[in-house]
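I would like the atomic coordinates for the input below:
(chains A, B, C and D)
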Protein chains: 4
Amino acid sequence: MTTQVIVLNGGSSSGKSGIARCLQALLPDPWLALGTDTLVEAMPASLQADGGIEFAPDGEVIVGPAFRTLEAAWIEGIAAMARTGARVIVDEVFLGGADSQQRWRNALGDLPVLWVGVRCDGAVAAGREVARGDRIIGMAASQADVVHQGVAYDLEVDTAHAESIECARVIAARVG
Amino acid sequence: MTTQVIVLNGGSSSGKSGIARCLQALLPDPWLALGTDTLVEAMPASLQADGGIEFAPDGEVIVGPAFRTLEAAWIEGIAAMARTGARVIVDEVFLGGADSQQRWRNALGDLPVLWVGVRCDGAVAAGREVARGDRIIGMAASQADVVHQGVAYDLEVDTAHAESIECARVIAARVG
Amino acid sequence: MTTQVIVLNGGSSSGKSGIARCLQALLPDPWLALGTDTLVEAMPASLQADGGIEFAPDGEVIVGPAFRTLEAAWIEGIAAMARTGARVIVDEVFLGGADSQQRWRNALGDLPVLWVGVRCDGAVAAGREVARGDRIIGMAASQADVVHQGVAYDLEVDTAHAESIECARVIAARVG
Amino acid sequence: MTTQVIVLNGGSSSGKSGIARCLQALLPDPWLALGTDTLVEAMPASLQADGGIEFAPDGEVIVGPAFRTLEAAWIEGIAAMARTGARVIVDEVFLGGADSQQRWRNALGDLPVLWVGVRCDGAVAAGREVARGDRIIGMAASQADVVHQGVAYDLEVDTAHAESIECARVIAARVG
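Prediction:
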């Protein structure tokens, strides 16, 4: 069955976006890459302060109801893109673990999905967060494990032990 | 009837994105802002070379079939977001004029849409293109008129004669 | 006498960077464009919190001693670039008004400088700040007048009443 | 003797900028981080086409005389910043190998400099170039070795075998 959606789930600074770009370069068909960053950029600036995203002092992300409502519509929209024929790589942070995956499952229905866990040791991701220089410090460590709790994958990669392009090759080999 | 989608159509460097951000700040409800730039960023790098987007020496944009296929799915996806309850500002460049509008009409169906023409004199837009410094020179002049050919609007604004925030206030007053 | 340095001074969102890019496109010789934004990006992230830059709730910028020390060296460095033969456009925000200008005068010595005031009505600049979407709200209004206090110019332009490229043409005509 | 300048030399996508940001976070004093990317951004857009930078089909960078003139002034300027008291991390690509280093040596004179080679296997850097998605493909492979030819270092790090933050810790331990 032809894979229509690849969901990459991992914490901040785990390397998902790099893998997504490598997948776009490696896979023979054109794939759209969309993700949490795209959604956050599309939101009003005010949503990052009240009713939207808040950052606790340790980098933990707290998401409010207005954010959740737009996010639910966003997920349905991406499912509709895939149903209309687009191949889509989704670059996600399952802050709610298994509950987040269930939200995507409900929207994606019987579309053929490849679920990929992007692991990265919290300390390594925290170092990469410093190296990137544009992320709130603490997010990487705070999200490294929690985003994988109760999530079921077809495949897992570990960016602390392999380059993005190598991870992408392993994933690409599993794309039907 | 409550407006669910605002479509801003105008040439490159006509000021659509600035108006979209002002609308997000002015409107009481949270609106997503998505557009051609979001779609292009989501595409594989290779699509900008073959089968995707090409730039003629005068800045004219030529879009290939692989681009069109992903774009059609993108449009359906945004329509689905609106149908699921998200308010969406669409920041678009109707390279095909009336044909481009028809593609959006087909996808948006009976959703309440506010169609806004964002006009900007070609010479003024060309100057702003130089000032931005990150755009292919020639796009602004090449698109200034062609994107409006045969397009029907509820409302037109002109960024050569009014600030983005003023244009946004005029549009916001028409949002149901 | 051949102009070696063009100093553009104006508040946040007054349009200095756009004018700088237009000047680079209009002037026959190659000019470097460097400014406050370049300096801030070159600083450690921590300097934006302690001993560096702080933003008051109204967007006022408070600059600490560690920032001042690096800034003094930065100014000397740009003067040295000009003395070594580079033509340089400096895109500056004179938070200290006349005192800021004096710091630049001391460093630039007898280099031929064109001092340009970039005016923009505070309310207009505040609207553009919203349209840009990536600036701390309040900076534009807070800086619009204070940066010009006691500053002497060879030339002033007003971006509330002329496009960046037109302002750049007026300035270019005065470059020796 | 107190280190005043750290020069990080390595090919495109070897990880210099990430190491620079980690150094800024690790070192107790505030350091400016400036480099080739800063210089290129400061140049007029036109310099990337004629008399400036050209990219051969394999990603090789060819630099013209107008670029060289501005670069020479830039190097003198950074030396002046260091002499005025700023600690500076220079993030460089020695396209001319030993000749490039000599240009910097001439400008830096007797300032205490720590010369650091940032190695990264060409194939690994090429993979990271794909993952970054914003670089001309081919630069990483083309520059990986040539930038180190004949260059003398106080210290070398290898980002193919250590994280940026680990490389930065090794370098920081050598800063006087």
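
Can you give the distance from the lengthiest helix in chain A to the centre of its chain?
Taking DSSP state H as the criterion, chain A has its longest helix at helix A:65-83. Once both centres are worked out by C-alpha atoms, centre = their mean, to the nearest Å, helix A:65-83 turns out to sit 14 Å from its chain's centre.

buried ones in that helix?
Within helix A:65-83, the residues scored as buried using 16 or more other C-beta atoms under 10 Å in any protein chain shown are A:66-67, A:70-83. In this view, the C-beta of every residue, glycine as well, is placed from N, C-alpha and C.

just these that are near chain B?
A:66, A:70, A:72-74, A:76-83 (C-beta under 8 Å from any C-beta of the partner chain).

need those in TSV with distance to chain C, can you?
What follows is these, written out as TSV (distance: C-beta to the nearest C-beta, whole Å):
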residue	distance to chain C
A:Ala66	18
A:Leu70	17
A:Ala72	24
A:Ala73	21
A:Trp74	19
A:Glu76	26
A:Gly77	22
A:Ile78	23
A:Ala79	28
A:Ala80	27
A:Met81	25
A:Ala82	29
A:Arg83	32
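
got the residues you listed as JSON lines, with distance to D:Val130 columns?
Listed next are those as JSON lines, based on distance: C-beta to C-beta, whole Å:
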{"residue": "A:Ala66", "distance to D:Val130": "37"}
{"residue": "A:Leu70", "distance to D:Val130": "32"}
{"residue": "A:Ala72", "distance to D:Val130": "33"}
{"residue": "A:Ala73", "distance to D:Val130": "32"}
{"residue": "A:Trp74", "distance to D:Val130": "27"}
{"residue": "A:Glu76", "distance to D:Val130": "31"}
{"residue": "A:Gly77", "distance to D:Val130": "28"}
{"residue": "A:Ile78", "distance to D:Val130": "24"}
{"residue": "A:Ala79", "distance to D:Val130": "28"}
{"residue": "A:Ala80", "distance to D:Val130": "29"}
{"residue": "A:Met81", "distance to D:Val130": "24"}
{"residue": "A:Ala82", "distance to D:Val130": "24"}
{"residue": "A:Arg83", "distance to D:Val130": "29"}
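
tell me which parts of chain A are close to chain D?
So far as C-beta under 8 Å from any C-beta goes, chain A lies against chain D at A:15, A:17-19, A:21-22, A:25, A:124, A:127-128, A:130-133, A:163-166.

what helices or strands is the one helix or strand in chain A whose mean pLDDT sits lowest leaning on?
Ranking every helix and strand in chain A by mean pLDDT, DSSP states H and E puts strand A:53-55 at the bottom, with a mean of 75. Counting contacts by 3 or more C-beta pairs under 8 Å, 6 or more residues apart in numbering or on different chains; DSSP states H and E, strand A:53-55 is packed against strand A:61-63.

does any part of the strand it packs on sit near chain B?
No - Strand A:61-63 lies out of reach of chain B by C-beta under 8 Å from any C-beta, never closer than 13.0 Å.

sorry, back to before: buried ones in the least confident helix or strand of chain A?
A:Ile53.

List the contacts of it.
A:Val40, A:Leu47, A:Val61, A:Ile62, A:Val63, A:Gly64, A:Phe67, A:Ile136, A:Gly138, A:Met139 (C-beta atoms under 8 Å, 6 or more residues apart in numbering or on different chains).

buried subset of those?
Counted by 16+ other C-beta under 10 Å, the contacts of strand A:53-55 give A:Leu47, A:Val61, A:Phe67, A:Gly138, A:Met139 as buried.

Can you name the residues of chain A that neighbour chain B?
Checking chain A against chain B by C-beta under 8 Å from any C-beta, the hits are A:21, A:24-25, A:30-34, A:38-39, A:41-47, A:51-52, A:66, A:69-70, A:72-74, A:76-86.

for chain A, what spans make up the strands?
Taking DSSP state E as the test, the strands found in chain A are A:5-9, A:31-35, A:53-55, A:61-63, A:87-92, A:113-119, A:155-158.

what helices or strands is the fifth one leaning on?
So that's strand A:87-92. strand A:5-9, helix A:16-26, strand A:31-35, helix A:36-42, helix A:65-83, helix A:98-108.

Format these as CSV; extra columns: mean pLDDT.
Supplementary listing: the helices and strands packed on strand A:87-92 in CSV, determined by pLDDT from 0 to 100:
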stretch, mean pLDDT
strand A:5-9, 98
helix A:16-26, 97
strand A:31-35, 97
helix A:36-42, 94
helix A:65-83, 95
helix A:98-108, 97
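
And these: which comes nearest C:Gly11?
Nearest to C:Gly11, of all the helices and strands packed on strand A:87-92, is helix A:36-42, at 26.3 Å by C-beta to C-beta.

Give the other helices and strands that that closest one contacts.
Using 3+ C-beta pairs under 8 Å, 6+ apart: helix A:36-42 touches helix A:65-83, strand A:87-92, strand B:31-35, helix B:36-42.

Throw these into CSV and include distance to C:Ala152, thanks.
Formatted as CSV, those follow (distance: least, C-beta to C-beta, whole Å):
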stretch, distance to C:Ala152
helix A:65-83, 50
strand A:87-92, 52
strand B:31-35, 43
helix B:36-42, 42
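
Among the ones you listed, which comes closest to D:Glu156?
strand A:87-92 (34.3 Å).

Tell me the residues on chain A that lie near chain C, please.
So chain A meets chain C at A:Ala45, A:Gly133 (C-beta under 8 Å from any C-beta).

what residue lies at the spatial centre of chain A?
Residue closest to the average C-alpha location in chain A (C-alpha atoms, centre = their mean): A:Glu92, at 1.5 Å.
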